[in-house]
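*Asks:* Any chance you can model this:
(one chain, ligands or ions: 1)
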Amino acid sequence: MKTRITEMLGIEHPIIQGGMHFVGFAEMAAAVSNAGGLGIITGLTQGTPEKLAAEIARCRTMTDKPFGVNMTFLPSLTPPDYPGLFKVIIDGGVKVVETAGNNPAQWMPMLKEAGIKVIHKCTAVRHALKAESIGCDAVSVDGFECGGHPGEDDIPNFILLPRAADELTIPFVASGGMADARSLVAALAMGADGINMGTRFIATREAPVHENVKKAILAASELDTRLVMRPLRNTERVMNNPAVERLLAKEKALGANIKFEDIVEEVAGVYPKIMLNGDMDVGAWSCGMVAGLVYDIPTVQELIDRIMSEADSIIHKRLNGLYPA
Ligand SMILES: Cc1cc2nc3c(=O)[nH]c(=O)nc-3n(C[C@H](O)[C@H](O)[C@H](O)COP(=O)(O)O)c2cc1C
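*Replies:* As a prediction, this is how the structure comes out:
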């Protein structure tokens, strides 16, 4: 399949693996890129420029296909060394950067100078238009269904994607709730040039996370995610568990007076314990509603091949077949 995204990124299939904290290691990114999609290393999981440079080099030993690096901009008391991280991305010859969390305008000149394609992930049409205006090459449009941070507008992809198609000139991929060939074909029908998946890629053989994480996604239904940190305007869709229920009880009790310090135990520093050690109930971890559409733990190659071959059959058999000969 050829779309503006496959052409722009030099990949075979219009499928991107979004940056994921403590999931987007070299193993994950390389598996997706080797299967013909675009894998993405999560920059902030590495934390320091030295470690990120090493992870990029490690990924290069695993794939000769293009892969990207995610750079998430978060409010933080001790911000990461963003200039240093961007420098190693450029020096490491990475050709695609996925930005998220805030406007990447400050970094655009150096990324463009290095010939890097910038895909900005955002949850609103106005933010997508802003990204287009500052020179981003593409956007990833993240609907309300998505795992992670859906923003505060709560617009699901059935509305958000056609709205994006109506407004944008640059290519965009549909993100949030994407699981299979049906997602891909629907996203293309709504004007997208491909899909970005997070949660679905965690439930694969190669995902470098504890088996408990994969099992939790497999066991979950579409009813099992919750929105946390809404009162802090930092909404995150997470898998429900006892820590999340505790967090939500605090939100209810403290109302508008809640501060980050009140929930630090449930959200700060929990990712390595969950993703690497499999302590599933230790805190809140991002997960999309799409968990309800995850029925197996295939290899990344099997997953991507299945999506592409079933998309072919949906388009050529099911949809074409709706027209009488
Ligand atoms: C466990 C997990 C961690 C994530 N971490 C990040 C992150 O660090 N930066 C980021 O931009 N997006 C992050 N995301 C969001 C994904 O890149 C992607 O946009 C989202 O998962 C898409 O929705 P889906 O889960 O329904 O596919 C994360 C998602 C998950 C599930």
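*Asks:* neighbours of R226, just the number please.
*Replies:* By other Cβ atoms under 10 Å, the residues close to R226 number 18. Heads up, the C-betas are built off the backbone N, CA and C, glycines and all.
*Asks:* next one: I274
*Replies:* For I274, the count of nearby residues is 25 (other Cβ under 10 Å).
*Asks:* so how far is E206 from the closest residue to C146 other than its chain neighbours?
*Replies:* Leaving aside its sequence neighbours, C146 sits nearest to G176 (Cβ to Cβ, 6 or more residues apart in numbering; 2.9 Å). Going from G176 to E206 by Cβ to Cβ, to the nearest Å gives 22 Å.
*Asks:* Show me which of those two is the more surrounded one.
*Replies:* Neighbour count, other Cβ under 10 Å: between G176 and E206, G176 has more, with 31 against 19.
*Asks:* Could you see whether the ligand lies near stretch 266-273?
*Replies:* No: counting by Cβ under 6 Å from any ligand atom, the ligand is not contacted by stretch 266-273; separation bottoms out at 7.7 Å.
*Asks:* er, stretch 70-81 I mean
*Replies:* Yes: contact of stretch 70-81 with the ligand (Cβ under 6 Å from any ligand atom) involves N70, T72.
*Asks:* Secondary structure element holding N196?
*Replies:* strand 195-197 (DSSP states H and E).
*Asks:* What helices and strands are in contact with that strand?
*Replies:* When contacts are defined as 3 or more Cβ pairs under 8 Å, 6 or more residues apart in numbering; DSSP states H and E, strand 195-197 sits against strand 15-17, strand 172-175, helix 181-189.
*Asks:* need the contact list for whichever residue of the stretch 201-325 of the chain sits closest to the ligand.
*Replies:* The nearest approach of the stretch 201-325 of the chain to the ligand comes at G288, 2.6 Å away (Cβ to the nearest ligand atom). By Cβ atoms under 8 Å, 6 or more residues apart in numbering, the residues touching G288 are E145, C146, G147, G148, G176, G177, G198, T199, T225, R237.
*Asks:* Nearest spatial neighbour of it, chain-adjacent residues omitted?
*Replies:* Nearest residue to G288 in three dimensions, chain neighbours excluded: G147, at 3.3 Å (Cβ to Cβ, 6+ apart).
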